[in-house]
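J.: Kindly generate the corresponding structure for this input.
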Amino acid sequence: MSSDRVCLSQTQGESKSYKRFSIRKKISSSNNENVVQPDIQFHSDMAAQSEAKETVEEKGSKESDHEVLVLLKEQYSKNQEELGRLARQQEEMLRIMDLREKRDEELRQLLTSFLRNQQLSSS
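T.: Sure thing, here's the model as predicted:
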């Protein structure tokens, strides 16, 4: 004589919202050996919602990635413009420093010439 039994077991996945259920139909034979049919597995509503949420998040993530790329490109362009401006400013500063050095050298020469003339006139 055989009796059919259904066993419902629940396992929880990595995230708390993910649960997996399995149904087994156990068939007992007359000599008390258990024969187990393959599990029929299904996901709970929470798991289905979680999967749907992950799909939406992936889509949002792709859109977000695109937005981030656009922002990064804009920032890169701004950075390049700023680097160009700073390079021009640095060139202008170097030009001014060069002019000052030339002026200082001319003043030294003029002062040296003046002092020599003073010494010659006093002697």
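J.: which secondary structure element contains Met111?
T.: One thing to correct before we go on: residue 111 is Leu, not Met. According to DSSP states H and E, Leu111 maps onto helix 45-122.
J.: Could you list every helix and strand in contact with that helix?
T.: Contact here means 3 or more CB pairs under 8 Å, 6 or more residues apart in numbering; DSSP states H and E; on that basis helix 45-122 packs against strand 19-28. The C-beta positions use only the backbone N, C-alpha and C, and glycine is treated the same way.
J.: State the mean pLDDT of the strand it packs on.
T.: For strand 19-28, the mean per-residue pLDDT is 56.
J.: And for stretch 88-98?
T.: In this model, stretch 88-98 carries a mean pLDDT of 97.
J.: Tell me which residues of that stretch come out buried.
T.: Residues of stretch 88-98 include none that count as buried (16 or more other CB atoms under 10 Å).
J.: where does the protein dip in pLDDT?
T.: 1-49, 51, 55-57, 59-60 (pLDDT under 70).
J.: what residues go with each domain of it?
T.: According to automatic domain parsing, the chain comprises the domains 1-43, 53-106.
J.: now Arg103: how far from Leu115?
T.: According to CB to CB, to the nearest Å, Arg103 stands 19 Å off from Leu115.
J.: what's the answer for Gln80, then?
T.: Following CB to CB, the distance that separates Gln80 from Leu115 is 52 Å.
J.: Kindly report the same for Arg100.
T.: In terms of CB to CB, Arg100 sits 22 Å off from Leu115.
J.: swap in Val68?
T.: 68 Å.
J.: what do you get for Glu63?
T.: For Glu63 relative to Leu115 (CB to CB), the value is 77 Å.
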